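Student: sequence and predicted structure, then a few things I'm wondering about:
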Amino acid sequence: MTDTPPDVMQRYRAMLLARSPEERLKMGCSMGATARALVRAAVLAGDPHASPAAVRRALFLRFYGHEYEAAERERILAWLGREEPPPVGSLRRVDLLPRRAERRGPDGPHRPAGR
């Protein structure tokens, strides 16, 4: 359905083509990111406690689910539904020793000097 007059469509197309390829790419990426954010918000509005895997699955179904046969769609959904370990090299603090204020020595808890 098109309710835009042909002369307006021609002007709009000319305005888009007058932009640089970089600007058009940025516009397309921005529209894609906006669409993804809107779908993600809708998923979380329906289930505020949805896991990251559930959100991934819902995004896939909304954007691409209709493009796959049922068996392939289920295989993809199973893969998207797995819970991922933290990425390699992620910045997560690992305490190998108790924190300074919690260290215990033979005489009880260690207190930093001056306290």
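Tutor: Everything's here; your move.

Student: and the longest helix along the chain, how far from the chain's centre?
Tutor: What stands out as the longest helix in the chain, according to DSSP state H, is helix 21-46. Counting by CA atoms, centre = their mean, to the nearest Å, helix 21-46 is centred 11 Å from the centre of its parent chain.

Student: what are the contacting residues of the helix or strand just after that helix?
Tutor: From helix 21-46 onward toward the C-terminus, using DSSP states H and E, the following helix or strand is helix 52-64. With contact meaning CB atoms under 8 Å, 6 or more residues apart in numbering, helix 52-64 is reached by 35-36, 39-40, 43-44, 47, 50, 73, 76-77, 80-84. C-beta coordinates here come from the backbone N, C-alpha and C atoms, glycine included.

Student: and whatever helix or strand comes next after helix 52-64, what's its mean pLDDT?
Tutor: For helix 52-64, the following helix or strand on the C-terminal side (DSSP H and E) is helix 70-80. The average pLDDT within helix 70-80 is 94.

Student: just the buried members of the contacts of helix 52-64?
Tutor: 39, 40, 43, 50, 73, 76, 77, 80 (16 or more other CB atoms under 10 Å).
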